[in-house]
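Undergrad: Output the structure for:
(chains A and B)
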Amino acid sequence: AQSVAQPEDQVNVAEGNPLTVKCTYSVSGNPYLFWYVQYPNRGLQFLLKYITGDNLVKGSYGFEAEFNKSQTSFHLKKPSALVSDSALYFCAVRPFGSSGSARQLTFGSGTQLTVLP
Amino acid sequence: NAGVTQTPKFQVLKTGQSMTLQCAQDMNHNSMYWYRQDPGMGLRLIYYSASEGTTDKGEVPNGYNVSRLNKREFSLRLESAAPSQTSVYFCASSQTEISTDTQYFGPGTRLTVL
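TA: Next comes the predicted model:
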């Protein structure tokens, strides 16, 4: 079965500084990787995904993520953080080729990002 | 387009009561999902429907039933609510159930079972 680890429950960064939210995964075969963001009292919004090809994926709101197969990681990054980026971030993985519920999206526990003014 | 809508937004039940959470999508998606979100645990899949007329269990199906009413609507029913079902429930949809398709989420239903 696949799994996702987000090792930091909380990340604090000053506005204007670069930010990184970490994600590592475990899956049999090739992974499909996703990042979602959740603002308070809202549903999850899709940010970006890695399917295949270029290891650096660019997404919404200036976010990007780098797929590293050897380290089984998919860290979310942004060059310059905004206060409005403060939210809960989820990494998720789906495996290629499985069937039924085993092929479904598995989420990490989430990382609360706080950008300080 | 409204995307994925859910009703109600909030609900308080007593143990043993039943209720149905409603979900609808206007994106002409084939696949729909129900998740629950608990603190420190991310989202866990309860049930999903790969296409109209089919439903399958996810990771945590016990205590729940679902109905894919038509292509747009996918409801989640709690027959006899328990305090362990206190959670935030999210509905999602995707074009198909293939692994590369993005899932789009509704705003959630916050359920408290006393």
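Undergrad: Which residues of chain B lie near chain A?
TA: B:4, B:33, B:40-45, B:48, B:56-59, B:90, B:92, B:97, B:99-100, B:102-108 (CB under 8 Å from any CB of the partner chain). In short, each C-beta sits where N, CA and C put it, glycine included.
Undergrad: Select from the residues you listed every entry located in strands.
TA: Taking DSSP state E as the definition of strands, the residues of chain B next to chain A contribute B:4, B:33, B:43-45, B:48, B:56-57, B:90, B:92, B:104-105.
Undergrad: Make JSON lines from these and add distance to residue A:106, neighbour count and pLDDT to it.
TA: Shown next, in JSON lines, are those (distance: CB to CB, whole Å; neighbours: other CB atoms under 10 Å in any protein chain shown; pLDDT from 0 to 100):
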{"residue": "B:4", "distance to residue A:106": "20", "neighbour count": "24", "pLDDT": "95"}
{"residue": "B:33", "distance to residue A:106": "12", "neighbour count": "26", "pLDDT": "95"}
{"residue": "B:43", "distance to residue A:106": "9", "neighbour count": "27", "pLDDT": "92"}
{"residue": "B:44", "distance to residue A:106": "9", "neighbour count": "15", "pLDDT": "93"}
{"residue": "B:45", "distance to residue A:106": "8", "neighbour count": "21", "pLDDT": "93"}
{"residue": "B:48", "distance to residue A:106": "13", "neighbour count": "28", "pLDDT": "94"}
{"residue": "B:56", "distance to residue A:106": "16", "neighbour count": "15", "pLDDT": "93"}
{"residue": "B:57", "distance to residue A:106": "15", "neighbour count": "15", "pLDDT": "93"}
{"residue": "B:90", "distance to residue A:106": "15", "neighbour count": "25", "pLDDT": "96"}
{"residue": "B:92", "distance to residue A:106": "14", "neighbour count": "25", "pLDDT": "95"}
{"residue": "B:104", "distance to residue A:106": "18", "neighbour count": "19", "pLDDT": "94"}
{"residue": "B:105", "distance to residue A:106": "15", "neighbour count": "22", "pLDDT": "94"}
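Undergrad: Tell me which residue is most central in chain B.
TA: Centroid-nearest residue in chain B, with CA atoms, centre = their mean: residue B:34, separated by 2.7 Å.
Undergrad: show me the residues around that one that make contact.
TA: B:21, B:23, B:45-48, B:58, B:64, B:66, B:74, B:76, B:89-92 (CB atoms under 8 Å, 6 or more residues apart in numbering or on different chains).
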